[in-house]
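Asks: my questions are about this predicted structure, shown below with the sequence.
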Amino acid sequence: GYAIGGSLGNGREELKELLTWMMPLFDEGSRRNKPRHLLGIADEESIRNAVARGMDTLDSCYPTRVARHGTILTRKEGSIKIKSGRFARA
């Protein structure tokens with residue numbers, strides 16, 4: 001597979017532009033069948049952008065960081081703060 005990362009871009013928008021340009025290159029020839037892994041993503045918007053552009057896997061501190069503070073990430077309901085509202089214990 002391919003590992004993409006390090007310091008890729010100077011922010012979310014530049015990362016998005018680079019992935020938009022780069023990901024079609026991985027759909028050519030034998031590259032199509034190999035997984036693509038993005039390193040070092042630190043926020044939810046960047047995760048969504050990477051997945052939307054064809055990234056197969058990624059490593060990120062974001063899910064662990066928000067979980068530590070009582071938030072879970074779901075596909076259906078988005079972010080849920082389990083320490084408040086209907087999920088909090090009395």
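Replies: Sure thing, it's come through.
Asks: quick check: longest strand of the chain.
Replies: As assigned by DSSP state E, the longest strand anywhere in the chain is strand 36-41.
Asks: which residues in this structure form helices?
Replies: Counting by DSSP state H, the chain has helices at residues 12-22, 44-52, 62-68.
Asks: what about Asn49, distance to His69?
Replies: 23 Å (CB to CB, to the nearest Å). (C-beta placed from N, C-alpha, C; glycine too.)
Asks: next: His37.
Replies: Going from His37 to His69 by CB to CB gives 26 Å.
Asks: of these two, give the one with the bigger neighbour count.
Replies: When neighbours are counted by other CB atoms under 10 Å, His37 and His69 differ, and His37 comes out ahead with 15 against 9.
Asks: thinking again about what came up before, okay, the angle between the longest strand of the chain and helix 12-22?
Replies: Going by axes from the mean of the first three to the mean of the last three CA atoms, to 10 degrees, strand 36-41 is angled at 170 degrees with respect to helix 12-22.
Asks: any buried residues in strand 36-41, and which?
Replies: By neighbour count on 16 or more other CB atoms under 10 Å, the buried set for strand 36-41 is Arg36, Leu38, Ile41.
Asks: which residues touch the nearest residue to the second one once chain neighbours are set aside?
Replies: By that I understand Leu38. Computed as CB to CB, 6 or more residues apart in numbering, the closest residue to Leu38 that is not its neighbour in sequence is Leu58, at 4.2 Å. For Leu58, the contact set (CB atoms under 8 Å, 6 or more residues apart in numbering) comprises His37, Leu38, Leu39, Ile41, Ile47, Ala50, Val51.
Asks: surely Asp3 meets Lys34?
Replies: Quick fix: residue 3 reads Ala, not Asp. No - shown here, Ala3 and Lys34 do not form a contact pair, counting by CB atoms under 8 Å, at 10.7 Å.
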